[in-house]
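Asker: Fold the following.
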Amino acid sequence: MIVPPQRKGRILVVDDQRNMRATTALLLRSEGYTVDEAGGGEEALAWLQDHQADLLLTDLKMEPMDGIQLLKRAIELQPRLSVIVMTAYGSIDTAVEAMRRGAYDYITKPFKDGELIHRIDKGLEHAGLISAVDVFAGEFKERHGLSSLVGRSQAMRDLTTRITRVASSEATVLVQGESGTGKELVARAVHALSQRTRGPFVPVNCAAITETLLESELFGHARGAFTGAVKARRGLFEEAHGGTIFIDEVTETAPAFQTKLLRVLQEGELRRVGENASIKVDVRTVAATNRDVETEVNEKRFRQDLYYRLAVVTLVVPPLRERLEDVPELAQHFLNRANARSRRPHRLSEAAITHLKGYSFPGNVRELENLVEQAAALAENEELAPHDFPLKRRSDSPVPQLAPTGAATVQVLADAVSDAERRAINAALEKSPNDLAQVADLLGVSATTLWRKMKRLGLKTTGEEPVVS
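Answerer: Numbering: from 1, shown residues only. Got it, this is the predicted structure:
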C-alpha cells in the first residue's frame, strides 16, 4: 500500500452534486491533503463557524445558495481563507465576478487532475502568505493600539493613515466626531504610535466633572486650597508627565478654565489651585469634541486662540452611516468579545448582517456594540436573526430642528449632516478654490474622502478620484 505524502493545508470541498464532490475529495485525499466535504452553502457556512480551513473549493452553480453568496459569507467568517471556484466553461463571466469579490482563482469543468492540484497548491501558498501578513498586522495593531480601530472602508484607511503620520510628531491633536464614533480609541492609537508610548495615557472627560472641580482635577491643588482639600494633590497633567493627556469634550469647559488650559499648552507649566509656584510638565495633549468648534468660537463659547492651539492637527472620525461596509466586521468583532464571556457562543446570520447594514446608526459604533451585546445576552438561538436586533427607524428618533432664520424647521438627520458638510466644503473652497489638497487639509480629511464627499453632495469636482499611495 502506498501512503501519500502528508501535505499542509485543510480544504473544504463544496458541491451539491454528490458524485462530483466525492470524486474531487478522493483525489485531494490521495494527494495527502486534509479534506472535508459540504453538500451546499448553508452546510459549508455551518462547518466554517466551528472549524478553520485554509482553502475553500466550491462549485458556483448551487441551490439555494450559490457559490458567489457562499464566497461572500465565507470570507466574512474567515478573512484569510483562499477560495477557488469551480465552474462550467459557459460561466466564465460569473467566475471572473467571483474573483472580483475575493476569490483567489477559478477552474473550469471538466478539469485535469494535475491542473486542479497545481491550483490548489498555489491557493494554499497564497493562504499562507495572507496568514503570515495578517498575523504580523494583528501583532502590529495590538502592539500599537490600533486593534480596536476595526474597519476596512476607505474612510477608516484614510483615518488610520493620518493617525500614523501625526503620531510621530509632538503636535497637539483635536479629534472631532459624533458621539459614539470612537474618539478615545483614536487618541489611544496616537499615543501608542508616538515616541511617548512608554509614558502614561491619562483620559479625562470634561463633561463628567463639575466646573468647580475641573481645574483641581487637571492641575491639582494645595492643602487647604478649598473646603475638603485636606492634603495636596497632583493633577492629571502631572500624572501624564512624559506621556499623553486626552481631554474629552473640551468644548464643555468654561471660558475661565480655557484661559488656564491655554497657558499650560503655551508655556508647558501649570499652577496647582492655591499655589503660586509654577510646575513644569512634559505632556502631549490630544483633545476631542462632538461639536462644531468653529461655531462654538463664532458664538463666543470657546476661545479662538485655544482652538488654534489644540487643532494643530485635526482628525475626523467618520460616523458609522458613512462606512456601512464596516458593519459586518464590527458586528463580528463585538460578537467575538461577547462570546468570550458567554458559555453559549452565538453566530451572525446573513439575514442579520443585511438587516444591520440597512440601518443608519444614529448612535454610531457604540449603538452597534450595544445591539450586539444585547442580542448575545437575550437571543434564544445560537444563530442571531434580524429579530434579535430591534432597530429604531427615523420616525422613532428625535429629529434635529434647524432654525437658520428664526423659524424652526424639521429636517432628517442625514440631510442635516449633508447640508452642514456642503457648507463646510464650500467655505473651504472659497479659501483655496484651485487646490483640492489644501481644501482637504483645511477640513481635516484626505483628498480622496473630500473628492467622494463632493461627488455625493453634487459639488463640482475636477479630474479623477485621487489615488492614495
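
Asker: alpha carbons only for contacts and neighbour counts from here, please
Answerer: OK.

Asker: just checking, A351 touches A385?
Answerer: Yes. Counting by C-alpha atoms under 8 Å, A385 is a contact partner of A351 at 6.5 Å.

Asker: So if I had to pick from these two, which one is more boxed in?
Answerer: A385 (18 against 13; other C-alpha atoms under 10 Å).

Asker: count of neighbours near V281?
Answerer: 19.

Asker: What residues does it make contact with?
Answerer: For V281, the contact set (C-alpha atoms under 8 Å, 6 or more residues apart in numbering) comprises 237-238, 241-242, 268-270.

Asker: will you turn these into JSON lines that also has distance to T448?
Answerer: Below are these laid out as JSON lines (distance: C-alpha to C-alpha, whole Å):
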{"residue": "F237", "distance to T448": "37"}
{"residue": "E238", "distance to T448": "40"}
{"residue": "H241", "distance to T448": "37"}
{"residue": "G242", "distance to T448": "35"}
{"residue": "G268", "distance to T448": "36"}
{"residue": "E269", "distance to T448": "40"}
{"residue": "L270", "distance to T448": "41"}
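
Asker: Now, of the residues you listed, which are buried?
Answerer: Neighbour counting by 16 or more other C-alpha atoms under 10 Å classes 237-238, 241-242, 269-270 among those as buried.

Asker: out of these, which are inside helices?
Answerer: Taking DSSP state H, the ones among the buried ones among the contacts of V281 that sit in helices are 237-238.

Asker: can you tell me which two in the buried ones among the contacts of V281 are farthest apart?
Answerer: Farthest pair in these (C-alpha to C-alpha) is G242 and L270. Separation: 14.9 Å.

Asker: If you count neighbours, what's buried in stretch 322-339?
Answerer: Buried residues in stretch 322-339 (16+ other C-alpha under 10 Å): 323-324, 326-336, 338-339.

Asker: Quick check: the gap between E43 and P345.
Answerer: Look at E43 and P345: by C-alpha to C-alpha, to the nearest Å, they are 18 Å apart.

Asker: again, but for K8
Answerer: 29 Å.

Asker: L213 too?
Answerer: L213 is 44 Å from P345, by C-alpha to C-alpha.

Asker: Same check on K357?
Answerer: From K357 to P345 the distance is 22 Å (C-alpha to C-alpha).

Asker: cool, and E430?
Answerer: Noted for E430: a distance of 54 Å to P345, by C-alpha to C-alpha.

Asker: again, but for N426
Answerer: Taken as C-alpha to C-alpha, the span from N426 to P345 is 49 Å.

Asker: what's the answer for F257, then?
Answerer: For F257, the distance to P345 - C-alpha to C-alpha - is 48 Å.

Asker: Not counting its neighbours along the chain, what's nearest E238?
Answerer: V281 (6.3 Å; C-alpha to C-alpha, 6 or more residues apart in numbering).

Asker: Tell me where the stretch 51-200 of the chain has helices.
Answerer: Assigned by DSSP state H, counting those that start in this stretch, the stretch 51-200 of the chain shows helices spanning 67-77, 92-100, 113-143, 154-167, 183-192.

Asker: Make CSV from those helices and add mean pLDDT to it.
Answerer: Shown next, in CSV, are those (pLDDT from 0 to 100):
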stretch, mean pLDDT
helix 67-77, 88
helix 92-100, 75
helix 113-143, 72
helix 154-167, 83
helix 183-192, 93
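
Asker: Among those helices, show me which one is buried the most.
Answerer: helix 183-192 (a mean of 24; mean count of other C-alpha atoms under 10 Å).

Asker: Past it, which element shows up next along the chain?
Answerer: strand 201-205 (DSSP states H and E).

Asker: Counting by contacts, list what that next one packs against.
Answerer: strand 244-248 (3 or more C-alpha pairs under 8 Å, 6 or more residues apart in numbering; DSSP states H and E).

Asker: show me where the stretch 301-450 of the chain has helices.
Answerer: Taking DSSP H, counting those that start in this stretch as the criterion, the stretch 301-450 of the chain carries its helices at 304-310, 327-341, 350-357, 364-378, 413-431, 436-443, 447-457.

Asker: Can you check which of those helices gets nearest to F246?
Answerer: Between the helices of the stretch 301-450 of the chain, helix 304-310 lies closest to F246; by C-alpha to C-alpha that is 11.4 Å.

Asker: Any buried residues in that closest one, and which?
Answerer: So for helix 304-310, counting by 16+ other C-alpha under 10 Å, buried means 306-307, 309-310.

Asker: low-scoring stretches of the chain, by residue?
Answerer: 1-7, 89-91, 100, 129-148, 230, 393-418, 461-469 (pLDDT under 70).

Asker: how is it carved up into domains?
Answerer: 10-140, 154-316, 327-395, 401-457 (automatic domain parsing).
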